[in-house]
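here's my sequence, what's the structure:
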Amino acid sequence: MTAVLDHAGDAPMERIALVDLLDRLLAGGVVIAGDLVISIAGVDLVQVSLRALITTVRDELLPEEDRP
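Take a look at the predicted model:
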C-alpha cells in the first residue's frame with residue numbers, strides 16, 4: 001500500500017509505502033485524542049476522554065543493558 005505526499009509549492013509529489021509513512025510519523029511523535037459521551041434523553045451519563053502520545057524510543061534513552 002502506498003500514500004502520496006503533497007509538498008507545498010512546485011515540488012513534485014512523492015509516493016511512499018505506508019510503512020515508511022508510519023515510520024516518519026512515529027519518529028516525530030503522534031498524538032491521538034478522542035472523547036466518548038454516552039447520554040440518554042439529553043442527560044450525559046458517561047464521559048470518557050483519551051489522550052495518548054505514541055512515539056519511538058531512541059537508543060540514547062534506553063539503559064545500556066537494553067540496547068541492541
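
so which residues of this structure form strands?
Along the chain, the segments classed as strands by DSSP state E run 2-5, 14-17, 30-40, 43-54.

now for the second one, which elements pack on it?
So that's strand 14-17. In terms of contacts (3 or more CB pairs under 8 Å, 6 or more residues apart in numbering; DSSP states H and E), strand 14-17 is packed against strand 2-5. Yep, even glycine has a C-beta here, placed from its N, CA and C like the rest.

isn't residue 50 right up against residue 34?
Yes: here residue 50 reaches residue 34: they are 4.6 Å apart, a contact under CB atoms under 8 Å.

give the contact list for residue 45.
Contacts for residue 45 (CB atoms under 8 Å, 6 or more residues apart in numbering) come out as 38, 39.

okay, it: pLDDT?
In this model, residue 45 is scored at 95, pLDDT.

check contacts around residue 28.
Contact analysis of residue 28 by CB under 8 Å, 6+ apart lists residue 55.

again, 7 Å this time
Listed by CB atoms under 7 Å, 6 or more residues apart in numbering, the contact set of residue 28 is empty.

now residue 42. Its backbone dihedrals?
Torsion angles at residue 42 (phi, psi; degrees, to the nearest 10) stand at phi 80, psi 10.

and it, how many neighbours?
Applying other CB atoms under 10 Å, we find 5 other residues in the vicinity of residue 42.

next: residue 16.
For residue 16, the tally of surrounding residues (other CB under 10 Å) stands at 13.
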